[in-house]
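In: Next come a sequence and a model predicted from it.
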Amino acid sequence: MFFRSWLSGCVVSTVFAVSMAMALAQSEVTALGRFGDWASYSYSENGRPVCYAASAPVKSRGKIGKRGEVFFLVTHRPEFDDIGVVTVVSGYAFKDDSHATVKIGGTSFRFFTRDETAWANGADDKAVVRAMKRGKTMLVKGRNRSGTLTTDLYSLLGFTKAHQAISKACGVSAR
(Lines give C-alpha, C1' and ligand atoms only; values in the text may rest on other atoms or scores of the structure.)
Protein backbone atom coordinates (compact mmCIF):
# COMPACT_ATOMS: atom_id res chain seq x y z
CA MET A 1 0.00 0.00 0.00
CA PHE A 2 1.34 3.37 -0.99
CA PHE A 3 1.71 5.91 1.76
CA ARG A 4 3.14 9.36 1.15
CA SER A 5 2.28 11.34 4.24
CA TRP A 6 5.21 12.28 6.46
CA LEU A 7 4.92 13.48 10.00
CA SER A 8 7.54 15.77 11.47
CA GLY A 9 7.22 14.98 15.14
CA CYS A 10 3.84 14.56 16.70
CA VAL A 11 4.78 16.63 19.71
CA VAL A 12 4.83 20.00 17.94
CA SER A 13 1.92 20.50 15.56
CA THR A 14 3.50 23.51 13.86
CA VAL A 15 6.58 21.56 12.81
CA PHE A 16 4.30 18.80 11.60
CA ALA A 17 2.17 21.13 9.49
CA VAL A 18 5.20 22.63 7.74
CA SER A 19 6.70 19.28 6.78
CA MET A 20 3.34 17.86 5.70
CA ALA A 21 2.71 20.92 3.55
CA MET A 22 5.99 20.32 1.76
CA ALA A 23 5.23 16.62 1.25
CA LEU A 24 1.66 17.23 0.14
CA ALA A 25 2.12 20.36 -1.93
CA GLN A 26 -1.21 19.64 -3.63
CA SER A 27 -3.28 19.67 -0.45
CA GLU A 28 -3.69 21.30 2.94
CA VAL A 29 -3.48 19.23 6.12
CA THR A 30 -6.24 19.79 8.67
CA ALA A 31 -5.61 19.05 12.33
CA LEU A 32 -8.57 17.11 13.73
CA GLY A 33 -7.32 17.27 17.31
CA ARG A 34 -4.85 16.14 19.95
CA PHE A 35 -5.93 13.26 22.15
CA GLY A 36 -3.47 12.40 24.90
CA ASP A 37 -0.27 11.31 23.17
CA TRP A 38 -1.92 11.04 19.73
CA ALA A 39 -2.92 13.58 17.12
CA SER A 40 -5.31 13.20 14.18
CA TYR A 41 -5.15 14.84 10.76
CA SER A 42 -6.83 14.76 7.38
CA TYR A 43 -6.10 16.02 3.89
CA SER A 44 -7.56 15.64 0.44
CA GLU A 45 -5.83 13.63 -2.27
CA ASN A 46 -7.38 13.82 -5.72
CA GLY A 47 -10.52 15.20 -4.08
CA ARG A 48 -10.80 12.22 -1.71
CA PRO A 49 -10.17 12.26 2.05
CA VAL A 50 -7.14 10.67 3.68
CA CYS A 51 -7.16 10.63 7.49
CA TYR A 52 -4.55 9.47 9.96
CA ALA A 53 -3.67 9.32 13.64
CA ALA A 54 -0.02 9.67 14.60
CA SER A 55 2.26 9.55 17.60
CA ALA A 56 5.97 9.73 18.36
CA PRO A 57 7.63 7.40 20.87
CA VAL A 58 7.79 8.50 24.50
CA LYS A 59 11.07 6.65 24.94
CA SER A 60 13.66 5.21 22.52
CA ARG A 61 16.68 2.94 23.01
CA GLY A 62 19.42 1.92 20.59
CA LYS A 63 22.61 3.69 19.64
CA ILE A 64 22.21 4.96 16.09
CA GLY A 65 24.33 7.88 14.93
CA LYS A 66 21.82 9.79 12.84
CA ARG A 67 18.19 8.93 13.29
CA GLY A 68 15.43 10.83 11.57
CA GLU A 69 11.85 11.33 12.71
CA VAL A 70 10.22 8.29 14.34
CA PHE A 71 6.46 7.80 14.46
CA PHE A 72 3.56 5.35 14.26
CA LEU A 73 0.55 5.98 12.02
CA VAL A 74 -2.91 4.52 11.51
CA THR A 75 -4.34 5.67 8.18
CA HIS A 76 -7.71 5.57 6.42
CA ARG A 77 -7.79 5.90 2.63
CA PRO A 78 -11.43 5.09 1.87
CA GLU A 79 -10.96 5.72 -1.87
CA PHE A 80 -8.78 2.59 -2.01
CA ASP A 81 -10.66 0.72 0.75
CA ASP A 82 -7.54 0.99 2.94
CA ILE A 83 -9.02 1.35 6.42
CA GLY A 84 -6.87 1.27 9.55
CA VAL A 85 -3.53 0.68 7.83
CA VAL A 86 -0.79 0.63 10.48
CA THR A 87 2.68 1.94 9.66
CA VAL A 88 5.93 2.53 11.52
CA VAL A 89 8.48 5.06 10.31
CA SER A 90 11.77 4.19 12.02
CA GLY A 91 14.01 7.15 11.27
CA TYR A 92 16.61 4.81 9.78
CA ALA A 93 16.80 2.21 6.99
CA PHE A 94 15.86 -1.22 8.28
CA LYS A 95 18.27 -4.10 7.83
CA ASP A 96 17.61 -5.93 4.55
CA ASP A 97 15.39 -9.01 4.87
CA SER A 98 14.47 -8.12 8.43
CA HIS A 99 11.21 -7.43 10.19
CA ALA A 100 10.00 -5.15 12.96
CA THR A 101 8.13 -6.44 15.96
CA VAL A 102 5.22 -4.55 17.50
CA LYS A 103 4.14 -5.73 20.94
CA ILE A 104 0.95 -4.56 22.62
CA GLY A 105 0.10 -6.23 25.92
CA GLY A 106 0.79 -9.93 25.48
CA THR A 107 0.36 -9.89 21.69
CA SER A 108 3.19 -9.48 19.19
CA PHE A 109 2.87 -8.63 15.50
CA ARG A 110 5.53 -9.10 12.84
CA PHE A 111 5.77 -6.16 10.42
CA PHE A 112 7.52 -6.36 7.07
CA THR A 113 10.09 -3.64 6.34
CA ARG A 114 11.37 -1.61 3.45
CA ASP A 115 13.78 1.30 3.74
CA GLU A 116 12.59 3.35 6.78
CA THR A 117 9.05 1.96 6.90
CA ALA A 118 7.39 -1.12 8.40
CA TRP A 119 3.84 -2.33 7.81
CA ALA A 120 1.64 -5.03 9.29
CA ASN A 121 0.48 -7.84 7.07
CA GLY A 122 -2.79 -6.42 5.71
CA ALA A 123 -4.72 -9.15 7.50
CA ASP A 124 -3.24 -7.98 10.83
CA ASP A 125 -4.15 -4.29 10.55
CA LYS A 126 -7.52 -4.70 12.30
CA ALA A 127 -6.01 -6.85 15.07
CA VAL A 128 -3.26 -4.29 15.67
CA VAL A 129 -5.81 -1.44 15.89
CA ARG A 130 -7.99 -3.49 18.26
CA ALA A 131 -4.97 -4.20 20.49
CA MET A 132 -3.99 -0.51 20.43
CA LYS A 133 -7.47 0.47 21.64
CA ARG A 134 -7.20 -1.97 24.55
CA GLY A 135 -3.55 -1.41 25.42
CA LYS A 136 -1.69 1.18 27.44
CA THR A 137 1.69 1.03 25.70
CA MET A 138 3.17 -0.34 22.50
CA LEU A 139 6.76 -1.50 21.99
CA VAL A 140 8.32 -1.41 18.51
CA LYS A 141 11.63 -3.20 17.86
CA GLY A 142 13.70 -3.22 14.70
CA ARG A 143 17.28 -3.36 13.40
CA ASN A 144 19.03 -0.84 11.22
CA ARG A 145 21.24 -1.80 8.26
CA SER A 146 24.26 -2.29 10.52
CA GLY A 147 22.26 -4.58 12.82
CA THR A 148 21.75 -2.22 15.77
CA LEU A 149 18.56 -3.03 17.67
CA THR A 150 16.23 -0.14 18.47
CA THR A 151 13.31 -0.22 20.86
CA ASP A 152 10.67 2.50 20.78
CA LEU A 153 7.98 2.79 23.44
CA TYR A 154 4.71 4.46 22.47
CA SER A 155 1.97 5.56 24.82
CA LEU A 156 -1.50 4.55 23.66
CA LEU A 157 -3.14 7.23 25.80
CA GLY A 158 -5.68 8.95 23.54
CA PHE A 159 -5.41 6.50 20.66
CA THR A 160 -9.07 5.43 20.76
CA LYS A 161 -10.30 9.03 20.52
CA ALA A 162 -7.76 9.83 17.79
CA HIS A 163 -8.98 6.80 15.85
CA GLN A 164 -12.61 7.87 16.30
CA ALA A 165 -11.71 11.34 14.95
CA ILE A 166 -10.10 9.99 11.77
CA SER A 167 -12.93 7.53 11.26
CA LYS A 168 -15.52 10.29 11.51
CA ALA A 169 -13.55 12.62 9.21
CA CYS A 170 -13.16 9.91 6.56
CA GLY A 171 -16.70 8.56 6.98
CA VAL A 172 -15.70 5.03 7.98
CA SER A 173 -16.69 2.80 10.87
CA ALA A 174 -14.46 3.17 13.95
CA ARG A 175 -14.72 -0.55 14.77
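Out: Sure, I can see it.
In: Do a quick rundown of the helices in the chain.
Out: 13-23, 125-134, 159-170 (DSSP state H).
In: Outside of the second one itself, list whatever touches it.
Out: So the one you mean is helix 125-134. With Cβ atoms under 8 Å, 6 or more residues apart in numbering as the test, helix 125-134 has contacts from 74, 83-86, 102, 104-105, 107, 109, 120, 138, 156, 159-160, 163, 175. Quick note: C-beta positions are derived from backbone N, CA and C, even for glycine.
In: And that helix, what's buried?
Out: By 16 or more other Cβ atoms under 10 Å, the buried positions in helix 125-134 come out as 125, 127-129, 131-132.
In: again with the longest one
Out: Neighbour-count burial for helix 159-170 flags 159-167, 169-170 (criterion: 16+ other Cβ under 10 Å).
In: And the average pLDDT for it is what?
Out: Average pLDDT, helix 159-170: 98.
In: report the angle between the axes of that helix and helix 125-134?
Out: 130 degrees (axes from the mean of the first three to the mean of the last three Cα atoms, to 10 degrees).
In: Need the contact partners of helix 159-170.
Out: 32-33, 35-42, 49-53, 55, 74-76, 78, 84, 129, 132-133, 173-174.
In: Kindly write the PyMOL command that selects the buried subset of the residues you listed.
Out: In PyMOL syntax, the buried subset of the contacts of helix 159-170 is picked out as below (16+ other Cβ under 10 Å):
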select buried, resi 32+33+35+37+38+39+40+41+42+49+50+51+52+53+55+74+75+76+84+129+132+174
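In: any idea of the pLDDT on the spatially most central residue of the chain?
Out: Centroid-nearest residue in the chain: residue 73, 1.5 Å away (criterion: Cα atoms, centre = their mean). Predicted confidence (pLDDT) at residue 73: the value is 97.
In: now do residue 81
Out: Reported pLDDT for residue 81: 92.
In: burial of it, as a residue count?
Out: 8 (other Cβ atoms under 10 Å).
In: Any figure for the gap between it and residue 94?
Out: Distance of residue 81 to residue 94, given as Cβ to Cβ, to the nearest Å: 27 Å.
In: related to what we said a few turns ago, quick check, nearest of the buried residues of helix 159-170 to residue 60?
Out: Nearest to residue 60 out of these is residue 159 (Cβ to Cβ; 18.5 Å).
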